[in-house]
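Asker: give me coordinates for this.
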Amino acid sequence: MKTKHSHLLDRPEWAEIPRHMRNTAELYLLHGVRPGNFLEAVLENDLAGAVGRADHYNRGALAAWVDWCFWCLPSRAWGSREAVANWRGLEGGSDA
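Answerer: Down below sits the predicted model:
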């Protein structure tokens, strides 16, 4: 279903993140659904935590995850534990 934020899902950065993680990333972006430990560490800008929690697909895609955060997420949706805790998603009332 297309939403007013669907253009963000068409960005090339989506193709670079592991396929098995795309739904989780979309749910976080649009609805603020808390991700698993790996993606939460990425979003919180916790490199050591992300590396320690990554499967082999995500470990190889860490640079792609950073690109995705930078280009697809509003700045207030990532970068610190507080930002992640407060994010409600684009469809949940947060603006782009």
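Asker: tell me where the model's unsure across the chain.
Answerer: 1-3, 6, 93-96 (pLDDT under 70).
Asker: next, name the residue at the spatial heart of it.
Answerer: For the chain, Ala25 is the residue whose C-alpha lies nearest the centre (CA atoms, centre = their mean; 4.6 Å).
Asker: CA-only coordinates of the host helix or strand of that one in CSV, if you can.
Answerer: Using DSSP states H and E, Ala25 sits in helix 22-31. As requested, the backbone C-alpha atoms of helix 22-31 are provided in CSV (Å, rounded to 0.1, in the frame of the first residue of the first chain):
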residue,chain,number,x,y,z
ARG,A,22,13.8,-4.8,5.0
ASN,A,23,10.4,-5.4,6.6
THR,A,24,11.9,-4.7,10.1
ALA,A,25,13.5,-1.5,8.8
GLU,A,26,10.2,-0.4,7.1
LEU,A,27,8.2,-1.0,10.3
TYR,A,28,10.6,1.1,12.3
LEU,A,29,10.6,3.9,9.7
LEU,A,30,6.9,4.1,9.2
HIS,A,31,5.4,3.0,12.5
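Asker: okay, buried residues for the next helix or strand after that helix please.
Answerer: With elements assigned by DSSP H and E, the helix or strand that comes after helix 22-31 is helix 37-43. By 16 or more other CB atoms under 10 Å, the buried positions in helix 37-43 come out as Phe38, Leu39, Glu40, Ala41, Val42, Leu43. Using the backbone N, CA and C atoms, a C-beta is placed for each residue, glycine as well.
Asker: got these as CSV, with distance to Ala83 columns?
Answerer: Below are these laid out as CSV (distance: CB to CB, whole Å):
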residue, distance to Ala83
Phe38, 17
Leu39, 14
Glu40, 11
Ala41, 13
Val42, 12
Leu43, 8
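Asker: could you work out the most separated pair of these?
Answerer: Maximum pairwise distance among the buried residues of helix 37-43 (CB to CB): 9.8 Å, between Phe38 and Leu43.
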